[in-house]
Every structure is written in C-alpha cells, then in structure tokens.
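Participant: Let me see the structure of the following:
(chains A and B)
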Amino acid sequence: MQLPCGTFSTTYEFDKAIIKTRAHWIVLALAITLAFAFPTFSHPYLIHVVNFVFISIIAALGLNILSGCAGQISIGHSAFMAVGGYTSAVITYTLGASFWLALPCAIVAAGLVGLIFGLPSLRLKGFYLLLSTLAAQFIIVYIVAHLDITGGLAGIDVPYAQLGNIVFNTDKSFYYIILVVLILATFCARNLVRSKVGRAFIAVRDNDLVAEVMGVSLFRYKLLAFFIGCCYAGAAGSLWAHWHGYVCPEQFSLMMSVWLLGYIIIGGMGTTVGPFLGTILVLGLTEGLSTLVTGLGTTYPHLLDIIAPLKDLIFGIMLALFLILEPRGLAHRWYMMKSWYSLFPFSY
Amino acid sequence: MMEFLSVLIPGLAVGAIYGLVALGFVLIFKCSGVLNIAQGQLVLVGSFICYTLSIQLGIPFYLALVLTLGMSYLFGVLIEVVLLRPMVGQPVLSVVMITIAIFFILSSLVMIFYGATYYNYPTYLPTEKVQVAGIAIATKYLWCFILAAVLFVGVFLFFRFTNQGIAMRSIADDEMAAESLGVNVRRLHGVAWGLSFAVSAGAGVLLGTVMTVYYGLGFIGLKAIPAVIVGGLESLGGAMVGGLIIGGLEAVAGVYLAPLSQFLGGIKDVFPYVILMLVLLVKPYGLFGERRIERI
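Facilitator: Numbers count the residues shown, from 1 in each chain, chains lettered A, B, ... in the order given. Reported below is the predicted structural model:
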C-alpha cells in the first residue's frame, strides 16, 4: 500500500484504516456526492447504461471474491443472479411482500443455492470445477424456466420498489437504490479481502492442499466463498428484476456469466478495484460502439443487424489482448499509476 | 422394443457427432492440457468454410471438403501460434478464458458475415431408408456412424503408429521429459490444434449435410463437453463412447421422460448437463480418464 510522502502509520488504528489521509476522505466524499448528484444533470439513456453497469459491477464483485480471491472458477454466475431475481420476483409478485424484504431474501436464497452447487468444489478443481458450474448454469436456468411459480419461459412481472409514496419505477429513481447497494457491496468486499476470511481465501487460491495442511478448513472456506459470491449475485439479480419490472429466463444466459468473468479478468482478478475498472471499460466501449452504430444505422440500415455480434467481437478481442498483454488487468495499471502519482514529481 | 430402438438410433447418430467433436477436445487436451471451450465454434466455422467453397464458389463438393480440412488445419495452427502460445504456463482460468475469447471472436465473425439464416447443403448423402433387423433407419444416420468411425480410427492410428502421434503422447505424459529427449513440443502443440480443427471441421460438414448449416451449430461444442467428461478427458475411445452415451441418453430422455410432466417438457436440452453434474460428483475422471495424484 502506497502512502503519500511523510505519512506514517504511528498508531494501530491508523494502520488498520482503509482510508488514511484527509485527502482520501475528501476525494471519497466528492466521488459519492458526485455519484448521488449524477442523475440530476445527465442524459436519461446514460442513466440507463450506468444502472446496467452498476448492477454488473455488483455481480462482478461477487464473482471476483469467488474466482479472483478464492480461486474457485465459476462460469455459472448469471444463474445465481437468476435465483436472486426470481426469488425477489416471487416474493413481491406472488406473496405481495415489499422489495425491502425481498432483497435480503433474494441474497440469502442465491447464497444457499450457491452452497449446493459449491459442493463439487470440495472434490474438483480447475477445468472440472469450471464444467460443474457450467452444468449449474444450464440446470438452474432450466428449472426456473419450467416451474409454474416462476411463470415458465414467459417470466413474471415484478412490482416496482416502493418507499412510502415514492415508487422507484424510473431509471432515475432506481439509480439511487442501486447506488446504495453498490456502495455497501464495495465496502463489504473491500473489508472482506483483508480479514481472516479473505486471507484464507487467498491461501486456498494459491494452493489448496498447502492451505489445508496449514489449518485452513477447505470445506468451510470453499463453501463460504461460494456463499458470499452468490449472495452478491443474488443482490444483483434482485436489483435487475426490480429495475426491469419483469424477469424471464433469457435474461440470465451463459453469455452473461462469461461476460462477468471477462470483466474481472480485464479489470484484474483478486482486487476490489478490478471489477469496477473492467466493467466500466468493457461496457463503456461496447455501449459507446452500439450508440455509434445505431447513429450510423439511419444511413446504413444493415449495420443495425450486426450490433450484437459486433459487441461480442469487441469483447472477445479485448479479452484476448488483455490475457496476452496484461494478464494482471487494469488494476495493475491503476496501482502503477497510483505509485507514480504518490511520488510525483520526484519519482526517482 | 422396436419403438425404443427407433428412438435410440437417431440419438446414437447425433451422439456419434458429439463424439467427433469430443475427439477434437481430447486431441487438444491430451497434447497441451488446454480445455478448448471454442471447439463448437471450430465446427461452425468448418461447416461454413465448406458451404462457401462448395455452394457460393461452386467448387465440387469432395474437393471443397478436402480444401476445408486443409484450411481448417492451417487456421488451427494459426490460432495456436497467435493466441495460445503466449499463454503457456499461465493459470487454468487464463487459458480457459483465451479459448472463450476465441469462442466470441469466431461466433461473432460468423454472425457478421452470414447472419442467423439457415443454409442448406444439397443432399450429398442418399436419403432413402434401409431396413436393419426390421427397423427403418435413414441412411444419413448410417453415414454419420461410418464417417465418425473412419475419422476415429484415423486419429487412433495416428496416435498409435506415426512418429508425430507417439511424440504427442509423450508430451501428454511428461512435457519436460519429452522436450529433453528432443521432441519439438512447440511445433506439436500447433499440429494438435490443426488436427483438432480439421476433425471438428469434418464434424461440421457432416452435421451440415445431416441437418442444416446455421449459427446455432456452434453450441454443439457445449453439448460435447458432457461427452468428454463422461469418457474421460484423456481418452480418445472415451470421447467416442461418451458421445454415444450422451447422444443416446439425450434422445431417450427426450421421448420417455418429457411426457411425464410439464416440468420435464424440455429435459432433452438439459439432460446432458445433469449427467455431467452426476459424473463430476461420482467419478470426476470419467470412464477412461487418468486419475492424477497431486503432489505439493
């Protein structure tokens, strides 16, 4: 951890603090204020995109804890989002409860389903674990697509969240809910990785046999990683459902799981800042591109047909380039930039 | 019984194609230890290359087939050199993700150039049915078996008797020891990718003539994954057996399980993954796979 020149950890509390200097506090306060003020001055479509980006970041943070910190690769993360989304939808639509009850229920439900599909991780690793989560993806989405209570392939309508008289039925109003959840999620993720649990996760990732020999209970920590990672997915799924106002099985595809993996790889695995950077870069580029192509579409209509594959192409190329040229992701660049900046202008 | 067989045999024919794709997986995995998620995309690209050559450019079909196999081989080598070679020694996730990147690049390129339309080969295979033990079997299914068997035997003989095949097996066994004995590991990785690509392209052309050529063909690669796991990741024979098992069970489940209740309506599509999950839980190394013991 790089600290500005002349800043030393003289007390234990100071050493433990995440945010150490006054400048940090000011920047953080400014950033949060800016984030809350953002919808008042921005274009409606931009708010829509930012909502999508934020929900993706929440899911990616969970995947980052599971795959980046604990090393349990999952290619079925969007299925756990589906669990969260559908739990939330069934609780609000069928049982008539409020969103504020449904959100925690969705989080816990996704976590529990994650525990079930995390069980193979005790015996499997690497490719084999990846394939078992691939199976989880197809099985979970099949189940929600064929149960009566989840409305089958057509999906179900989800009532919008409500607080007193305020109905969160627009991009702009729902933005605030997403933002609050995102801030909480980031806070938890940031603290988790530097706690005992986080260190145990990293030990399991680096070599699980060694970790077990040194007293880290694999059973406990692998399952805990699945639980926590899937809780994040559940939160993201629940927000997704209430943001769109409906859920259907097609929203939670294998491709989405792969994109989530892509975000954390491009951003940098095992770092909390990684999912942010990766998601913002990838979605910023692809959404920007699709806006551009839609603009050109008025003069060249055939371009409109290739927007979706074009996004996939960009994603694939970015993924390949990052894996080959910068396997540590954007987060590594970010840390390099920070250490350069903290010594600026005398970096020698 | 008759009805059961008439369900099973088309299923096994599809299973033979899964087996071929699985063969491609095993070729790469055996030699370089990479699980190639993009295998289905290789099938897709192969069938489209052959379609373009034979229909759009008017080259005779069998010449086009040979050209397709050759081009696929070169393409496979190219992909290995450009994308996979820098990934040697990287963690499992990075290697899998680079194959997923290949998946995205190839499938989106096919989508951009060909769209989501269905394309039909003219019928090269005879369409009449033959009677085997009183059951009418469409000849195209027989052709699937025969071609799959020919390709399988070809690959098997390659590994058993040629210098390159034996060298590849030595790499699979112990890469460092093989290299110190003068085996050119880098070149053989390229050869493995090229061969795998060519086998997959062959499977693609076969699929194209049996069914139609369209964008969704690539997802057959994901169906072949259960087949590989059932058979064991290192075993060529296991890939074929696994393919037949998955194809047969899938067809049987589709006909006999699906009518039981509404919930099981689409069980055919997800049944291979249920099997995959069960196999991973009970016997993760598959029927014929090698059990690796890990040392710290």
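Participant: Next, the closest residue to residue B:8 other than its chain neighbours: secondary structure please.
Facilitator: Of all residues not flanking residue B:8 in the chain, residue B:248 sits nearest, at 5.6 Å (C-beta to C-beta, 6 or more residues apart in numbering or on different chains). Any C-beta I mention is one placed from the backbone N, CA and C, and that applies to glycine too. Three-state call for residue B:248 (DSSP: H, G, I helix; E, B strand; the rest coil): helix.
Participant: Name all residues that make contact with residue B:248.
Facilitator: With contact taken as C-beta atoms under 8 Å, 6 or more residues apart in numbering or on different chains, residue B:248 is in contact with B:8, B:11-12, B:15.
Participant: again, but for residue A:172
Facilitator: Applying C-beta under 8 Å, 6+ apart to residue A:172 gives the contacts A:39, A:44, A:47.
Participant: Is the second one in contact with residue A:171, as I believe?
Facilitator: Yes - distance between residue A:44 and residue A:171: 6.4 Å, which falls inside the contact criterion (C-beta atoms under 8 Å).
Participant: between these two, which one's more packed in?
Facilitator: residue A:171 (19 against 10; other C-beta atoms under 10 Å in any protein chain shown).
Participant: The more buried one against residue A:42, yeah?
Facilitator: No - when contacts are counted by C-beta under 8 Å, residue A:171 is not listed as touching residue A:42 (10.2 Å).
Participant: all helices of the chain, in order?
Facilitator: Picking chain A for this. Taking DSSP state H as the criterion, chain A contains helices spanning A:12-16, A:22-41, A:44-63, A:77-89, A:99-118, A:127-146, A:171-192, A:196-206, A:208-213, A:218-244, A:254-267, A:273-297, A:307-325, A:329-342.
Participant: meant chain B actually
Facilitator: Using DSSP H, the helices found in chain B span residues B:2-32, B:39-51, B:61-79, B:92-114, B:139-161, B:163-173, B:175-180, B:185-210, B:220-231, B:236-252, B:267-282.
Participant: can you put the ones you listed in CSV and add distance to residue A:57 and mean pLDDT?
Facilitator: Formatted as CSV, the helices of chain B follow (distance: least, C-beta to C-beta, whole Å; pLDDT from 0 to 100):
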stretch, distance to residue A:57, mean pLDDT
helix B:2-32, 34, 84
helix B:39-51, 29, 88
helix B:61-79, 32, 90
helix B:92-114, 19, 88
helix B:139-161, 45, 84
helix B:163-173, 41, 85
helix B:175-180, 39, 86
helix B:185-210, 36, 86
helix B:220-231, 27, 86
helix B:236-252, 37, 89
helix B:267-282, 29, 87
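Participant: Next, format the ones you listed as a markdown table and append distance to residue A:137.
Facilitator: Listed next are the helices of chain B as a markdown table, based on distance: least, C-beta to C-beta, whole Å:
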| stretch | distance to residue A:137 |
| --- | --- |
| helix B:2-32 | 19 |
| helix B:39-51 | 16 |
| helix B:61-79 | 25 |
| helix B:92-114 | 13 |
| helix B:139-161 | 28 |
| helix B:163-173 | 29 |
| helix B:175-180 | 32 |
| helix B:185-210 | 23 |
| helix B:220-231 | 10 |
| helix B:236-252 | 17 |
| helix B:267-282 | 8 |
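Participant: Report pLDDT for whatever residue of chain A ends up closest to chain B.
Facilitator: Using C-beta to the nearest C-beta, the closest approach of chain A to chain B is made by residue A:316 at 3.1 Å. Looking at residue A:316, its pLDDT reads 93.
Participant: doesn't residue B:97 make contact with it?
Facilitator: No - using C-beta under 8 Å as the test, residue A:316 is too far from residue B:97 to be in contact (10.3 Å).
Participant: Neighbour count: these two, which is higher?
Facilitator: More crowded of residue A:316 and residue B:97, by other C-beta under 10 Å: residue B:97, with 28 against 24.
Participant: surely that one meets residue A:263?
Facilitator: No - using C-beta under 8 Å, residue B:97 is not in contact with residue A:263; the gap is 11.4 Å.
Participant: what sits against the closest residue to chain A within chain B?
Facilitator: Chain B approaches chain A most closely through residue B:104 (3.1 Å), counting by C-beta to the nearest C-beta. Residue B:104 makes contacts with A:258, A:312-313, A:315-316, A:319, as judged by C-beta under 8 Å, 6+ apart.
Participant: Once you drop chain neighbours, what's closest to residue 74?
Facilitator: Using chain A. Per C-beta to C-beta, 6+ apart, closest to residue A:74 is residue A:133, 4.4 Å.
Participant: my question was about chain B
Facilitator: In this structure, residue B:74 finds its nearest non-sequential neighbour in residue B:194, 6.9 Å apart by C-beta to C-beta, 6+ apart.
Participant: For the one you found, give its distance to residue B:71.
Facilitator: 10 Å (C-beta to C-beta, to the nearest Å).
Participant: which of the two has more neighbours?
Facilitator: residue B:194 (22 against 18).
Participant: Is that one in contact with residue B:81, as I believe?
Facilitator: No - in this structure residue B:194 lies outside contact range of residue B:81 using C-beta under 8 Å: 10.2 Å.
Participant: Could you report the neighbour count for residue A:22?
Facilitator: Using other C-beta under 10 Å, residue A:22 has 8 neighbouring residues.
Participant: Please report how far it lies from residue B:157.
Facilitator: 74 Å.
Participant: try residue A:334
Facilitator: Going from residue A:334 to residue B:157 by C-beta to C-beta gives 53 Å.
Participant: quick check: mean pLDDT across stretch A:197-216?
Facilitator: Rounded mean pLDDT across stretch A:197-216 is 91.
Participant: ok, and for it, which residues are buried?
Facilitator: A:197-198, A:200-205, A:208, A:211, A:216 (16 or more other C-beta atoms under 10 Å in any protein chain shown).
Participant: okay if I get the residues you listed as a markdown table plus distance to chain B?
Facilitator: Compiled in a markdown table, the buried residues of stretch A:197-216 are given as follows (distance: C-beta to the nearest C-beta, whole Å):
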| residue | distance to chain B |
| --- | --- |
| A:197 | 21 |
| A:198 | 19 |
| A:200 | 18 |
| A:201 | 15 |
| A:202 | 14 |
| A:203 | 13 |
| A:204 | 14 |
| A:205 | 10 |
| A:208 | 9 |
| A:211 | 11 |
| A:216 | 14 |
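Participant: Leaving out chain neighbours, which residue sits closest to residue B:4?
Facilitator: Of all residues not flanking residue B:4 in the chain, residue B:252 sits nearest, at 7.7 Å (C-beta to C-beta, 6+ apart).
Participant: I'd assumed residue A:147 was in contact with residue B:263.
Facilitator: Yes - Residue B:263 lies in contact with residue A:147 (C-beta under 8 Å); the separation is 6.9 Å.
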